[in-house]
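Undergrad: mind looking at a prediction? Sequence and model below.
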Amino acid sequence: MTNKRPEFEGERFEKGLRIRRQVLGDAYVDRSIAAADDVSAPLQKLITEWCWGEIWSRPGLERRMRSVLNLGMTMALNRSAEFRLHVRGALNNGLTREEIVEIILQGAIYCGVPASLDAMRSARAVFAELDEEADAG
């Protein structure tokens, strides 16, 4: 997908966009970029360049480990929409469903039962969506 916004250009943006697509998938990234308007475009630029282009590209941690961290942090913050997104990313980065469930169980002790219940609901919903997509496709 090509977006004609001038702020969505440059080497750092392209690097981040490539990694963001690899982890989260083209469909999600395309929707995020296409939905950017004058208000939200600066945030999309920041996320793509710094989160994905700078942090996710660093050599110190493998993407798999970054996914583990993101699942734990989004669970702890009780950010279910981001948790769901990062369940998909974690699967794309090589985690198994069983490992994701174990992360949620670990988080139940450190983040609390309400956070773990919400995370488990989110993970199950993503697993079901992926199963439906696989059956349809």
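TA: Ah, there it is. Residues are numbered from 1 along each chain as shown.
Undergrad: now the most centrally placed residue in the chain, nearest residue through space, not along the chain?
TA: Geometric centre of the chain, nearest residue: His86, 3.4 Å, by C-alpha atoms, centre = their mean. Leaving aside its sequence neighbours, His86 sits nearest to Asn70 (C-beta to C-beta, 6 or more residues apart in numbering; 4.4 Å). The way it works is simple: take the backbone N, C-alpha and C, and place the C-beta from them, glycine included.
Undergrad: residues contacting the helix or strand encompassing the one you found, please?
TA: Assessed by DSSP states H and E, Asn70 sits inside helix 63-76. With contacts defined as C-beta atoms under 8 Å, 6 or more residues apart in numbering, helix 63-76 is touched by 23, 55-56, 61, 82-83, 86-87, 89-90, 93-95, 99-100, 103-104, 106-107, 110-111, 115-116, 118-119.
Undergrad: mind naming the longest helix for the protein?
TA: helix 113-136 (DSSP state H).
Undergrad: I'd like to know which elements it is packed against.
TA: Judged by 3 or more C-beta pairs under 8 Å, 6 or more residues apart in numbering; DSSP states H and E, helix 113-136 is in contact with helix 63-76, helix 80-92, helix 97-111.
Undergrad: so can I have a markdown table of those helices showing distance to Leu130?
TA: Below are those laid out as a markdown table (distance: least, C-beta to C-beta, whole Å):
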| stretch | distance to Leu130 |
| --- | --- |
| helix 63-76 | 15 |
| helix 80-92 | 7 |
| helix 97-111 | 9 |
